[in-house]
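>>> Below: sequence and its predicted model.
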Amino acid sequence: EPEVTQTPSHQVTQMGQEVILRCVPISNHLYFYWYRQILGQKVEFLVSFYNNEISEKSEIFDDQFSVERPDGSNFTLKIRSTKLEDSAMYFCASRWDSPYNEQFFGPGTRLTVL
Amino acid sequence: GNSVTQMEGPVTLSEEAFLTINCTYTATGYPSLFWYVQYPGEGLQLLLKATKADDKGSNKGFEATYRKETTSFHLEKGSVQVSDSAVYFCALSDQENTGNQFYFGTGTSLTVIP
């Protein structure tokens, strides 16, 4: 069964460093998402991506964040200068075209900023 | 706006007990409703969904009915098993929203003891 994959599973970085979180969505899906979950809190939407551009983003997704789909298979989230409060589990998700369809989630990347 | 309010946990039940996890929502449009489950160390997996009022989603013995009049989508299972121990998330997707981002509840941790 096709699945969304994410790498790395755990990333530790120093405050101020750049990190890139990688995702491989399901191959025939058209919409791509990043969410994050700070420990003990809600899963929060960051950004959605369709047709090679951002379709929607939340207030969390400021200028420090960017997304890219560089090669038609990978979908990356970059944080330019990490802050302590960026420590969270980051989930990638993808879906087919219909808004009635569910999103398929990856296993997540745990980001720890020291 | 869109939001999901979910029953606080953690919930601890004995095997074969009846489970209810409450979920209510607010939405600006006509949402689709979902329950996702997260097993330890894994990502979010779709458990069931309902796309319109009075629809009942069901899977693996779990059920939830989309109640527009009470804006609810409570998750139920008649007889839980130890293997059902996980975190359960209620979510909605606003079909009128282009990006169709998901709005999640806080998650309810369920532990089933033998």
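Thanks, I have it.

>>> All the strands of chain B, residue numbers only.
Assigned by DSSP state E, chain B shows strands spanning B:3-6, B:11-14, B:19-21, B:23-26, B:31-38, B:44-50, B:56-59, B:62-65, B:75-77, B:86-94, B:102-104, B:108-113.

>>> how about those strands in a markdown table, adding mean neighbour count?
For glycine as for every other residue, the C-beta is placed from the backbone atoms N, C-alpha and C. Shown next, in a markdown table, are those (neighbours: other CB atoms under 10 Å in any protein chain shown):
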| stretch | mean neighbour count |
| --- | --- |
| strand B:3-6 | 19 |
| strand B:11-14 | 14 |
| strand B:19-21 | 18 |
| strand B:23-26 | 19 |
| strand B:31-38 | 25 |
| strand B:44-50 | 21 |
| strand B:56-59 | 14 |
| strand B:62-65 | 20 |
| strand B:75-77 | 20 |
| strand B:86-94 | 23 |
| strand B:102-104 | 24 |
| strand B:108-113 | 17 |
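
>>> export those strands to TSV and tack on mean pLDDT?
Below are the strands of chain B laid out as TSV (pLDDT from 0 to 100):
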stretch	mean pLDDT
strand B:3-6	92
strand B:11-14	96
strand B:19-21	97
strand B:23-26	96
strand B:31-38	93
strand B:44-50	93
strand B:56-59	96
strand B:62-65	98
strand B:75-77	98
strand B:86-94	92
strand B:102-104	90
strand B:108-113	96
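
>>> who wins for proximity to residue A:102 among those?
Ranking the strands of chain B by proximity to residue A:102 (CB to CB) places strand B:44-50 first, at 4.6 Å.

>>> now the closest one and strand B:31-38, what's the angle there?
140 degrees (axes from the mean of the first three to the mean of the last three CA atoms, to 10 degrees).

>>> Could you spell out the sheet neighbours of strand B:44-50, each with its direction?
Strand B:44-50 sits in its sheet next to strand B:31-38 (antiparallel), going by DSSP bridges.

>>> Need the CA coordinates for the partner strand. PDB is fine.
Extracted in PDB, the C-alpha atoms of strand B:31-38 (Å, rounded to 0.1, in the frame of the first residue of the first chain):
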ATOM      1  CA  PRO B  31     -17.100  20.300   6.400                       C
ATOM      2  CA  SER B  32     -16.000  16.700   6.000                       C
ATOM      3  CA  LEU B  33     -15.300  15.000   9.300                       C
ATOM      4  CA  PHE B  34     -12.600  12.500  10.200                       C
ATOM      5  CA  TRP B  35     -11.200  10.500  13.000                       C
ATOM      6  CA  TYR B  36      -7.500   9.700  12.800                       C
ATOM      7  CA  VAL B  37      -5.600   7.400  15.100                       C
ATOM      8  CA  GLN B  38      -1.900   7.600  16.100                       C
END
